[in-house]
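Asks: Curious how this folds, go ahead:
(one chain, ligands or ions: 1)
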Amino acid sequence: MKKNIFLILITVLFSASGFAAKPIEAVLTDAPNVPPPLNRRPGKVIVRLETKELLGRLADGVQYTFWTFGGQVPGKFIRVMEGDEVEFHLSNHPSSKMPHNIDLHAVTGPGGGAEASFTAPGKSSVFSFKTLNPGLYVYHCATAPVGMHIANGMYGLILVEPKGGLPKVDKEYYVMQSEFYTKGKNGQAGIQPFSMEKALTEIPDYVVFNGSVGAMTGDKAITAKVGEKVRLFVGNGGPNLVSSFHVIGEIFDKVYVEGGTKTINENVQTTLIPAGGSAIVDFKVEVPGTLILVDHSIFRTFNKGSLGMLKIAGEENKEVYSGKTGDEVYLPEGSAIQSIDTGKAKVVLATTTAERIAFGKRTFESNCMACHQSDGSGIAGVFPPLAKSDFLNADKKRAIRAVTSGLSGKISVNGKEYNGVMPAQNLSDEDVANVLTFVYSSWGNSKQVVTPAQVKAARK
Ligand SMILES: [Cu+2]
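Replies: Numbering: from 1, shown residues only. A predicted model of the protein is given here:
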(Lines give C-alpha, C1' and ligand atoms only; values in the text may rest on other atoms or scores of the structure.)
Protein backbone atom coordinates (compact mmCIF):
# COMPACT_ATOMS: atom_id res chain seq x y z
CA MET A 1 0.00 0.00 0.00
CA LYS A 2 2.69 2.47 1.10
CA LYS A 3 4.79 1.44 -1.88
CA ASN A 4 1.89 2.22 -4.27
CA ILE A 5 1.43 5.71 -2.91
CA PHE A 6 5.16 6.27 -3.23
CA LEU A 7 5.08 5.14 -6.88
CA ILE A 8 2.14 7.40 -7.71
CA LEU A 9 3.96 10.31 -6.08
CA ILE A 10 7.07 9.68 -8.15
CA THR A 11 5.03 9.43 -11.36
CA VAL A 12 3.22 12.69 -10.62
CA LEU A 13 6.47 14.47 -9.80
CA PHE A 14 8.13 13.20 -12.95
CA SER A 15 5.32 14.16 -15.29
CA ALA A 16 4.97 17.55 -13.61
CA SER A 17 8.65 18.26 -14.07
CA GLY A 18 8.55 17.30 -17.76
CA PHE A 19 10.34 13.97 -17.46
CA ALA A 20 9.07 11.49 -20.00
CA ALA A 21 6.60 9.34 -18.10
CA LYS A 22 5.80 5.81 -19.20
CA PRO A 23 3.52 5.89 -22.28
CA ILE A 24 -0.15 5.21 -21.60
CA GLU A 25 -1.98 2.43 -23.48
CA ALA A 26 -5.26 3.94 -24.68
CA VAL A 27 -8.42 2.13 -23.60
CA LEU A 28 -10.62 1.49 -26.67
CA THR A 29 -14.30 0.49 -26.55
CA ASP A 30 -16.95 -0.93 -28.86
CA ALA A 31 -20.17 1.05 -29.44
CA PRO A 32 -22.29 2.02 -27.57
CA ASN A 33 -19.63 2.26 -24.86
CA VAL A 34 -17.19 5.10 -24.38
CA PRO A 35 -13.87 4.91 -22.51
CA PRO A 36 -14.00 6.74 -19.15
CA PRO A 37 -12.98 10.41 -18.89
CA LEU A 38 -9.18 10.71 -18.77
CA ASN A 39 -8.54 12.92 -15.71
CA ARG A 40 -4.84 13.23 -16.47
CA ARG A 41 -2.28 15.55 -17.99
CA PRO A 42 -1.30 15.36 -21.66
CA GLY A 43 1.35 12.73 -22.31
CA LYS A 44 2.48 10.01 -24.63
CA VAL A 45 -0.33 7.61 -25.60
CA ILE A 46 -0.21 4.38 -27.56
CA VAL A 47 -3.24 3.42 -29.65
CA ARG A 48 -3.42 -0.06 -31.16
CA LEU A 49 -6.13 -0.73 -33.72
CA GLU A 50 -6.64 -3.76 -35.94
CA THR A 51 -8.46 -3.87 -39.27
CA LYS A 52 -10.42 -7.04 -39.88
CA GLU A 53 -12.89 -8.24 -42.55
CA LEU A 54 -15.71 -10.42 -41.30
CA LEU A 55 -19.22 -11.65 -42.07
CA GLY A 56 -21.85 -10.25 -39.71
CA ARG A 57 -25.54 -9.44 -39.26
CA LEU A 58 -26.86 -6.34 -41.01
CA ALA A 59 -30.56 -7.04 -40.32
CA ASP A 60 -32.65 -10.09 -39.42
CA GLY A 61 -31.86 -12.71 -42.05
CA VAL A 62 -29.44 -10.38 -43.84
CA GLN A 63 -25.67 -10.79 -43.65
CA TYR A 64 -22.89 -8.60 -44.93
CA THR A 65 -19.10 -8.80 -45.17
CA PHE A 66 -18.04 -5.87 -43.01
CA TRP A 67 -14.60 -4.29 -43.17
CA THR A 68 -13.90 -3.08 -39.63
CA PHE A 69 -11.63 -1.20 -37.29
CA GLY A 70 -11.49 -3.57 -34.34
CA GLY A 71 -13.99 -6.27 -35.39
CA GLN A 72 -17.21 -4.20 -35.19
CA VAL A 73 -19.02 -1.40 -36.97
CA PRO A 74 -18.52 1.36 -36.05
CA GLY A 75 -14.81 1.09 -35.18
CA LYS A 76 -13.49 1.33 -31.63
CA PHE A 77 -14.00 4.60 -29.78
CA ILE A 78 -10.64 6.27 -29.12
CA ARG A 79 -10.29 8.80 -26.28
CA VAL A 80 -7.20 10.98 -26.01
CA MET A 81 -6.60 14.54 -24.89
CA GLU A 82 -5.46 17.86 -26.22
CA GLY A 83 -1.67 18.01 -26.22
CA ASP A 84 -1.15 14.24 -26.26
CA GLU A 85 1.55 12.69 -28.40
CA VAL A 86 -0.20 9.70 -29.96
CA GLU A 87 1.80 6.76 -31.24
CA PHE A 88 -0.63 4.95 -33.53
CA HIS A 89 -0.22 1.28 -34.43
CA LEU A 90 -2.45 0.04 -37.24
CA SER A 91 -2.38 -3.71 -37.83
CA ASN A 92 -4.14 -5.45 -40.71
CA HIS A 93 -5.26 -8.97 -39.80
CA PRO A 94 -3.56 -11.71 -41.91
CA SER A 95 -6.98 -12.98 -43.05
CA SER A 96 -7.81 -9.63 -44.75
CA LYS A 97 -8.14 -9.58 -48.52
CA MET A 98 -7.52 -5.84 -48.78
CA PRO A 99 -4.89 -3.37 -47.64
CA HIS A 100 -6.31 -0.68 -45.31
CA ASN A 101 -5.20 2.58 -43.73
CA ILE A 102 -6.62 5.27 -41.47
CA ASP A 103 -7.42 8.95 -41.95
CA LEU A 104 -8.12 10.48 -38.55
CA HIS A 105 -9.76 13.89 -38.80
CA ALA A 106 -8.03 14.68 -35.48
CA VAL A 107 -4.61 14.59 -37.19
CA THR A 108 -2.87 17.66 -38.55
CA GLY A 109 -0.78 16.24 -41.41
CA PRO A 110 -1.09 14.81 -44.93
CA GLY A 111 -4.06 12.49 -45.36
CA GLY A 112 -4.73 12.54 -41.63
CA GLY A 113 -2.25 9.68 -41.36
CA ALA A 114 -3.54 7.80 -44.40
CA GLU A 115 -0.26 7.51 -46.30
CA ALA A 116 1.77 6.67 -43.21
CA SER A 117 -0.67 3.97 -42.15
CA PHE A 118 -1.20 2.12 -45.45
CA THR A 119 -0.98 -1.51 -44.35
CA ALA A 120 -1.10 -4.77 -46.30
CA PRO A 121 -2.72 -7.89 -44.79
CA GLY A 122 -0.53 -9.38 -42.08
CA LYS A 123 1.44 -6.14 -41.52
CA SER A 124 1.51 -3.30 -38.97
CA SER A 125 2.25 0.40 -39.48
CA VAL A 126 3.26 2.96 -36.89
CA PHE A 127 3.05 6.75 -37.02
CA SER A 128 2.77 9.55 -34.45
CA PHE A 129 0.83 12.77 -34.20
CA LYS A 130 0.17 15.53 -31.72
CA THR A 131 -3.43 16.37 -30.84
CA LEU A 132 -3.42 20.11 -31.48
CA ASN A 133 -7.22 20.61 -31.57
CA PRO A 134 -9.76 19.30 -29.10
CA GLY A 135 -13.08 17.98 -30.41
CA LEU A 136 -14.95 14.88 -31.54
CA TYR A 137 -13.52 13.58 -34.81
CA VAL A 138 -14.41 10.90 -37.33
CA TYR A 139 -11.78 8.48 -38.54
CA HIS A 140 -12.12 6.25 -41.59
CA CYS A 141 -10.24 4.11 -44.04
CA ALA A 142 -8.93 6.03 -47.06
CA THR A 143 -7.66 3.20 -49.22
CA ALA A 144 -8.89 3.25 -52.84
CA PRO A 145 -11.69 2.83 -53.68
CA VAL A 146 -12.28 5.02 -50.62
CA GLY A 147 -16.06 5.03 -50.94
CA MET A 148 -16.18 1.26 -50.88
CA HIS A 149 -13.97 0.94 -47.80
CA ILE A 150 -16.19 3.41 -45.94
CA ALA A 151 -19.41 1.84 -47.26
CA ASN A 152 -18.26 -1.53 -45.92
CA GLY A 153 -17.99 -0.18 -42.37
CA MET A 154 -14.58 1.43 -41.95
CA TYR A 155 -15.23 4.43 -39.67
CA GLY A 156 -15.29 5.36 -36.03
CA LEU A 157 -14.81 8.25 -33.60
CA ILE A 158 -11.83 9.71 -31.78
CA LEU A 159 -12.48 12.19 -28.99
CA VAL A 160 -9.75 14.68 -28.20
CA GLU A 161 -10.76 15.94 -24.75
CA PRO A 162 -10.07 19.63 -24.20
CA LYS A 163 -7.56 20.32 -21.41
CA GLY A 164 -9.41 19.86 -18.13
CA GLY A 165 -11.95 17.52 -19.80
CA LEU A 166 -15.60 18.01 -20.72
CA PRO A 167 -18.15 18.91 -18.01
CA LYS A 168 -19.02 15.84 -15.97
CA VAL A 169 -22.16 13.85 -16.86
CA ASP A 170 -23.63 10.59 -15.52
CA LYS A 171 -23.75 8.51 -18.71
CA GLU A 172 -21.78 8.71 -21.93
CA TYR A 173 -22.61 6.71 -25.07
CA TYR A 174 -21.25 6.24 -28.59
CA VAL A 175 -23.69 6.35 -31.50
CA MET A 176 -22.65 6.32 -35.14
CA GLN A 177 -24.94 6.54 -38.13
CA SER A 178 -24.09 5.12 -41.54
CA GLU A 179 -25.64 3.59 -44.66
CA PHE A 180 -25.33 0.29 -46.46
CA TYR A 181 -25.88 -0.32 -50.15
CA THR A 182 -26.76 -3.91 -50.94
CA LYS A 183 -27.37 -5.81 -54.14
CA GLY A 184 -30.78 -7.01 -52.88
CA LYS A 185 -33.59 -4.78 -51.63
CA ASN A 186 -34.07 -3.90 -47.96
CA GLY A 187 -34.99 -7.08 -46.12
CA GLN A 188 -33.91 -9.48 -48.86
CA ALA A 189 -32.44 -12.43 -47.00
CA GLY A 190 -29.00 -13.96 -47.38
CA ILE A 191 -25.46 -12.66 -47.70
CA GLN A 192 -25.77 -9.33 -49.48
CA PRO A 193 -22.84 -7.99 -51.49
CA PHE A 194 -22.04 -4.27 -51.74
CA SER A 195 -23.72 -2.45 -54.64
CA MET A 196 -21.50 0.18 -56.25
CA GLU A 197 -24.38 1.31 -58.47
CA LYS A 198 -26.63 2.11 -55.51
CA ALA A 199 -23.77 3.82 -53.66
CA LEU A 200 -23.23 6.06 -56.69
CA THR A 201 -26.89 7.07 -56.77
CA GLU A 202 -26.77 7.60 -52.97
CA ILE A 203 -29.97 5.63 -52.32
CA PRO A 204 -29.11 3.15 -49.57
CA ASP A 205 -31.09 0.05 -48.62
CA TYR A 206 -30.17 0.45 -44.95
CA VAL A 207 -29.52 3.46 -42.75
CA VAL A 208 -28.44 2.33 -39.29
CA PHE A 209 -27.07 3.33 -35.91
CA ASN A 210 -24.06 1.34 -34.73
CA GLY A 211 -23.68 -0.94 -37.69
CA SER A 212 -26.91 -2.92 -38.03
CA VAL A 213 -30.69 -2.69 -37.88
CA GLY A 214 -31.70 -3.03 -34.23
CA ALA A 215 -28.18 -2.59 -32.78
CA MET A 216 -29.64 -0.21 -30.19
CA THR A 217 -33.19 -1.48 -29.66
CA GLY A 218 -34.94 -3.88 -27.28
CA ASP A 219 -32.50 -5.38 -24.79
CA LYS A 220 -29.65 -3.66 -26.65
CA ALA A 221 -31.08 -0.22 -25.86
CA ILE A 222 -28.85 2.18 -23.95
CA THR A 223 -30.10 3.11 -20.48
CA ALA A 224 -30.23 5.90 -17.90
CA LYS A 225 -32.12 6.81 -14.75
CA VAL A 226 -34.44 9.74 -14.16
CA GLY A 227 -32.39 12.73 -13.05
CA GLU A 228 -29.21 11.68 -14.82
CA LYS A 229 -27.30 13.75 -17.35
CA VAL A 230 -26.70 11.83 -20.56
CA ARG A 231 -24.10 12.63 -23.21
CA LEU A 232 -24.16 11.12 -26.69
CA PHE A 233 -21.07 11.23 -28.85
CA VAL A 234 -22.71 11.04 -32.27
CA GLY A 235 -20.84 10.49 -35.50
CA ASN A 236 -21.88 10.08 -39.11
CA GLY A 237 -19.76 7.73 -41.19
CA GLY A 238 -21.85 8.37 -44.30
CA PRO A 239 -20.59 7.50 -46.86
CA ASN A 240 -23.17 9.80 -48.44
CA LEU A 241 -26.07 10.97 -46.32
CA VAL A 242 -26.31 13.88 -43.90
CA SER A 243 -28.11 13.03 -40.66
CA SER A 244 -30.88 15.07 -39.01
CA PHE A 245 -30.22 13.61 -35.58
CA HIS A 246 -33.15 13.81 -33.18
CA VAL A 247 -34.24 12.10 -29.97
CA ILE A 248 -38.01 11.66 -29.78
CA GLY A 249 -39.18 12.85 -26.37
CA GLU A 250 -36.13 14.95 -25.46
CA ILE A 251 -34.59 18.34 -26.09
CA PHE A 252 -30.82 18.64 -26.23
CA ASP A 253 -29.83 20.96 -23.38
CA LYS A 254 -26.48 21.44 -25.09
CA VAL A 255 -25.09 20.65 -28.53
CA TYR A 256 -21.38 20.91 -29.20
CA VAL A 257 -22.06 21.94 -32.78
CA GLU A 258 -20.29 19.76 -35.37
CA GLY A 259 -18.26 18.15 -32.60
CA GLY A 260 -16.29 21.32 -31.85
CA THR A 261 -15.71 22.60 -28.33
CA LYS A 262 -16.33 26.31 -28.75
CA THR A 263 -19.81 26.70 -30.19
CA ILE A 264 -22.33 25.30 -27.80
CA ASN A 265 -25.94 25.67 -28.84
CA GLU A 266 -28.67 25.24 -26.23
CA ASN A 267 -32.23 23.89 -26.37
CA VAL A 268 -31.99 22.13 -29.71
CA GLN A 269 -34.54 19.68 -31.19
CA THR A 270 -32.62 18.29 -34.19
CA THR A 271 -28.97 18.71 -35.03
CA LEU A 272 -27.41 18.27 -38.44
CA ILE A 273 -24.49 15.87 -38.64
CA PRO A 274 -22.59 15.94 -41.91
CA ALA A 275 -21.10 12.83 -43.50
CA GLY A 276 -17.64 12.61 -41.97
CA GLY A 277 -18.75 14.82 -39.07
CA SER A 278 -20.04 14.63 -35.53
CA ALA A 279 -21.90 16.31 -32.69
CA ILE A 280 -21.88 15.95 -28.92
CA VAL A 281 -25.31 16.27 -27.33
CA ASP A 282 -26.02 16.57 -23.60
CA PHE A 283 -29.42 16.31 -21.94
CA LYS A 284 -30.88 15.58 -18.55
CA VAL A 285 -33.59 12.91 -18.47
CA GLU A 286 -36.59 13.94 -16.39
CA VAL A 287 -39.23 11.22 -16.80
CA PRO A 288 -39.22 7.45 -17.28
CA GLY A 289 -39.94 5.82 -20.65
CA THR A 290 -38.25 4.95 -23.90
CA LEU A 291 -36.66 7.73 -25.91
CA ILE A 292 -36.22 6.99 -29.60
CA LEU A 293 -33.06 8.04 -31.42
CA VAL A 294 -33.77 8.80 -35.07
CA ASP A 295 -32.57 10.38 -38.25
CA HIS A 296 -35.53 12.73 -38.75
CA SER A 297 -35.33 12.13 -42.49
CA ILE A 298 -37.99 9.80 -41.28
CA PHE A 299 -38.40 7.13 -43.93
CA ARG A 300 -34.81 6.18 -43.16
CA THR A 301 -35.86 5.55 -39.60
CA PHE A 302 -39.07 3.61 -39.99
CA ASN A 303 -38.20 1.85 -43.23
CA LYS A 304 -34.43 1.56 -43.41
CA GLY A 305 -33.28 1.06 -39.83
CA SER A 306 -31.96 4.28 -38.24
CA LEU A 307 -33.78 3.78 -34.97
CA GLY A 308 -32.22 3.42 -31.52
CA MET A 309 -33.62 3.39 -28.00
CA LEU A 310 -32.64 4.99 -24.72
CA LYS A 311 -34.61 3.45 -21.87
CA ILE A 312 -35.11 5.63 -18.82
CA ALA A 313 -36.00 4.01 -15.50
CA GLY A 314 -37.30 5.86 -12.45
CA GLU A 315 -40.16 7.71 -10.87
CA GLU A 316 -42.88 9.45 -12.87
CA ASN A 317 -43.01 13.22 -12.71
CA LYS A 318 -46.57 14.15 -13.69
CA GLU A 319 -45.74 17.83 -13.63
CA VAL A 320 -43.20 17.41 -16.43
CA TYR A 321 -45.31 14.90 -18.35
CA SER A 322 -48.81 13.75 -17.46
CA GLY A 323 -49.15 10.79 -19.79
CA LYS A 324 -52.59 10.24 -21.33
CA THR A 325 -55.34 11.83 -19.30
CA GLY A 326 -58.23 11.31 -21.74
CA ASP A 327 -59.06 8.57 -24.22
CA GLU A 328 -62.17 8.49 -26.38
CA VAL A 329 -62.99 7.24 -29.82
CA TYR A 330 -63.23 10.07 -32.33
CA LEU A 331 -65.29 9.03 -35.30
CA PRO A 332 -66.85 12.06 -36.96
CA GLU A 333 -69.80 11.45 -39.24
CA GLY A 334 -68.88 9.80 -42.52
CA SER A 335 -65.49 8.59 -41.45
CA ALA A 336 -64.66 4.97 -41.88
CA ILE A 337 -61.86 2.83 -40.67
CA GLN A 338 -58.79 3.92 -42.56
CA SER A 339 -56.41 1.61 -44.24
CA ILE A 340 -52.63 1.79 -44.33
CA ASP A 341 -51.03 0.94 -47.64
CA THR A 342 -47.57 -0.41 -46.97
CA GLY A 343 -46.84 -0.67 -50.68
CA LYS A 344 -44.60 -3.63 -50.01
CA ALA A 345 -44.31 -6.20 -52.76
CA LYS A 346 -43.47 -9.61 -51.39
CA VAL A 347 -42.28 -12.18 -53.82
CA VAL A 348 -40.88 -15.00 -51.71
CA LEU A 349 -43.62 -17.40 -50.59
CA ALA A 350 -43.22 -19.42 -47.42
CA THR A 351 -43.02 -23.16 -47.97
CA THR A 352 -42.71 -24.29 -44.34
CA THR A 353 -44.23 -23.14 -41.06
CA ALA A 354 -40.76 -22.09 -39.90
CA GLU A 355 -40.46 -19.84 -42.94
CA ARG A 356 -43.96 -18.50 -42.41
CA ILE A 357 -42.97 -17.55 -38.86
CA ALA A 358 -39.68 -15.97 -39.99
CA PHE A 359 -41.36 -13.90 -42.74
CA GLY A 360 -44.22 -13.06 -40.38
CA LYS A 361 -41.79 -11.67 -37.83
CA ARG A 362 -40.61 -9.10 -40.38
CA THR A 363 -44.19 -8.19 -41.33
CA PHE A 364 -44.94 -7.80 -37.63
CA GLU A 365 -41.96 -5.50 -37.10
CA SER A 366 -42.93 -3.20 -39.93
CA ASN A 367 -46.73 -3.29 -39.53
CA CYS A 368 -47.84 -4.17 -35.99
CA MET A 369 -44.99 -3.55 -33.57
CA ALA A 370 -45.50 0.22 -33.36
CA CYS A 371 -48.83 -0.37 -31.59
CA HIS A 372 -48.68 -3.89 -30.13
CA GLN A 373 -44.97 -3.57 -29.07
CA SER A 374 -42.07 -5.87 -29.89
CA ASP A 375 -42.90 -8.34 -27.12
CA GLY A 376 -46.63 -8.36 -27.95
CA SER A 377 -47.49 -6.77 -24.60
CA GLY A 378 -49.40 -3.83 -26.12
CA ILE A 379 -49.84 -0.58 -24.19
CA ALA A 380 -52.11 -0.64 -21.15
CA GLY A 381 -55.53 0.78 -21.95
CA VAL A 382 -54.70 1.69 -25.53
CA PHE A 383 -53.37 -1.23 -27.59
CA PRO A 384 -54.43 -4.69 -26.39
CA PRO A 385 -51.79 -7.36 -25.82
CA LEU A 386 -51.28 -10.09 -28.41
CA ALA A 387 -49.20 -12.07 -25.90
CA LYS A 388 -51.41 -14.77 -24.30
CA SER A 389 -54.48 -12.90 -25.65
CA ASP A 390 -57.68 -14.85 -25.02
CA PHE A 391 -59.39 -12.79 -27.75
CA LEU A 392 -56.75 -13.87 -30.27
CA ASN A 393 -56.48 -17.50 -29.28
CA ALA A 394 -60.24 -18.13 -29.08
CA ASP A 395 -61.11 -17.37 -32.69
CA LYS A 396 -58.73 -17.55 -35.63
CA LYS A 397 -61.19 -16.23 -38.18
CA ARG A 398 -61.96 -13.20 -36.02
CA ALA A 399 -58.21 -12.52 -35.67
CA ILE A 400 -57.77 -12.70 -39.45
CA ARG A 401 -60.66 -10.28 -39.93
CA ALA A 402 -59.15 -7.86 -37.39
CA VAL A 403 -56.06 -7.66 -39.56
CA THR A 404 -57.72 -7.61 -42.99
CA SER A 405 -60.68 -5.33 -42.19
CA GLY A 406 -59.59 -3.50 -39.06
CA LEU A 407 -61.28 -3.59 -35.68
CA SER A 408 -63.19 -1.04 -33.64
CA GLY A 409 -65.68 -0.86 -30.82
CA LYS A 410 -65.56 -2.37 -27.37
CA ILE A 411 -63.66 -5.61 -27.00
CA SER A 412 -62.38 -7.47 -23.96
CA VAL A 413 -58.87 -8.93 -23.90
CA ASN A 414 -57.77 -10.95 -20.86
CA GLY A 415 -60.47 -9.33 -18.74
CA LYS A 416 -59.60 -5.75 -19.70
CA GLU A 417 -61.77 -3.60 -21.91
CA TYR A 418 -60.46 -1.83 -25.00
CA ASN A 419 -62.34 0.62 -27.13
CA GLY A 420 -59.98 1.74 -29.84
CA VAL A 421 -59.60 1.62 -33.57
CA MET A 422 -57.21 -0.69 -35.32
CA PRO A 423 -56.79 0.32 -38.96
CA ALA A 424 -57.23 -2.36 -41.62
CA GLN A 425 -53.83 -3.61 -42.68
CA ASN A 426 -53.45 -3.57 -46.43
CA LEU A 427 -51.49 -6.82 -46.64
CA SER A 428 -51.60 -9.72 -49.06
CA ASP A 429 -53.19 -13.04 -48.00
CA GLU A 430 -49.67 -14.44 -47.76
CA ASP A 431 -48.50 -11.63 -45.44
CA VAL A 432 -51.57 -11.90 -43.20
CA ALA A 433 -51.05 -15.67 -42.93
CA ASN A 434 -47.38 -15.15 -42.08
CA VAL A 435 -47.87 -12.43 -39.52
CA LEU A 436 -50.66 -14.25 -37.67
CA THR A 437 -48.74 -17.53 -37.71
CA PHE A 438 -45.84 -15.62 -36.18
CA VAL A 439 -48.10 -14.03 -33.55
CA TYR A 440 -49.71 -17.40 -32.71
CA SER A 441 -46.26 -19.00 -32.40
CA SER A 442 -44.95 -16.29 -30.04
CA TRP A 443 -45.32 -15.15 -26.43
CA GLY A 444 -47.20 -18.15 -25.06
CA ASN A 445 -49.95 -18.18 -27.73
CA SER A 446 -51.73 -21.26 -29.08
CA LYS A 447 -49.31 -22.08 -31.96
CA GLN A 448 -52.07 -22.22 -34.58
CA VAL A 449 -51.01 -21.97 -38.21
CA VAL A 450 -52.80 -19.57 -40.55
CA THR A 451 -52.69 -20.27 -44.28
CA PRO A 452 -53.25 -17.86 -47.20
CA ALA A 453 -56.32 -19.93 -48.19
CA GLN A 454 -57.85 -19.36 -44.75
CA VAL A 455 -57.20 -15.63 -45.08
CA LYS A 456 -58.81 -15.60 -48.50
CA ALA A 457 -61.87 -17.42 -47.14
CA ALA A 458 -62.15 -15.09 -44.13
CA ARG A 459 -62.10 -12.01 -46.35
CA LYS A 460 -65.41 -13.06 -47.96
CU1 LIG B 1 -9.98 -0.10 -45.78
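Asks: Not counting its neighbours along the chain, what's nearest the closest residue to the ion within the stretch 251-400 of the chain?
Replies: Per Cβ to the ion, G276 is where the stretch 251-400 of the chain lies closest to the ion, at 15.1 Å. (Glycine included, C-beta is placed from N, CA and C.) Ranked by Cβ to Cβ, 6 or more residues apart in numbering and with sequence neighbours excluded, the top spatial neighbour of G276 is V138, at 5.2 Å.
Asks: does the one you found really touch Y155, like I thought?
Replies: Yes. The criterion here is Cβ atoms under 8 Å, and V138 meets it with Y155 at 6.1 Å.
Asks: still on that earlier bit, helix or strand for the residue nearest to G276, which one?
Replies: Per DSSP states H and E, V138 falls inside strand 135-140.
Asks: Quick one: list the elements packing against the next helix or strand after that strand.
Replies: Once strand 135-140 ends, the next helix or strand along the chain (criterion: DSSP H and E) is helix 146-151. Contacts defined by 3 or more Cβ pairs under 8 Å, 6 or more residues apart in numbering; DSSP states H and E place helix 146-151 against helix 196-201.
Asks: now the strands for the stretch 251-400 of the chain?
Replies: Taking DSSP state E, counting those that start in this stretch, the strands of the stretch 251-400 of the chain run over residues 252-256, 264-268, 270-273, 277-284, 289-295, 307-313, 339-341.
Asks: Show me the contact partners of the second one.
Replies: Put plainly, it is strand 264-268. With contacts defined as Cβ atoms under 8 Å, 6 or more residues apart in numbering, strand 264-268 is touched by I251, F252, D253, K254, V255, Y256, V257, T271, V281.
Asks: dump the residue contacts of the closest residue to the fourth one other than its chain neighbours.
Replies: What that stands for is K254. Spatial nearest neighbour of K254, chain neighbours left out: D282 (4.2 Å); criterion: Cβ to Cβ, 6+ apart. D282 is in contact with P167, V169, K229, V230, R231, F252, D253, K254, V255, counting by Cβ under 8 Å, 6+ apart.
Asks: Quickly list what D282 is bridged to.
Replies: Counting by DSSP bridges, D282 forms beta bridges with R231, K254.
Asks: do V45 as well
Replies: Judged by DSSP bridges, the bridge partners of V45 are I24, V86.
Asks: quick one: contacts for it?
Replies: Per Cβ under 8 Å, 6+ apart, neighbours of V45: P23, I24, E25, A26, V80, D84, E85, V86, E87.
Asks: Just send the strands of the stretch 251-400 of the chain back as a markdown table, with distance to P145 and mean pLDDT too.
Replies: Below are the strands of the stretch 251-400 of the chain laid out as a markdown table (distance: least, Cβ to Cβ, whole Å; pLDDT from 0 to 100):
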| stretch | distance to P145 | mean pLDDT |
| --- | --- | --- |
| strand 252-256 | 32 | 98 |
| strand 264-268 | 36 | 97 |
| strand 270-273 | 24 | 98 |
| strand 277-284 | 21 | 98 |
| strand 289-295 | 25 | 95 |
| strand 307-313 | 29 | 96 |
| strand 339-341 | 39 | 54 |
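Asks: of all the ones you listed, which lies closest to G376?
Replies: The stretch from those with the least distance to G376 (Cβ to Cβ) is strand 289-295; that distance is 16.1 Å.
Asks: partners of the closest one in the sheet?
Replies: Here strand 289-295 is paired, per DSSP bridges, with strand 243-248 (antiparallel), strand 307-313 (antiparallel).
Asks: about what we covered before: so what's the residue count around the residue nearest to G276?
Replies: V138 has 28 neighbours, counted by other Cβ atoms under 10 Å.
Asks: correct me, but F118 touches I102?
Replies: No. Using Cβ under 8 Å, F118 is not in contact with I102, being 9.3 Å away.
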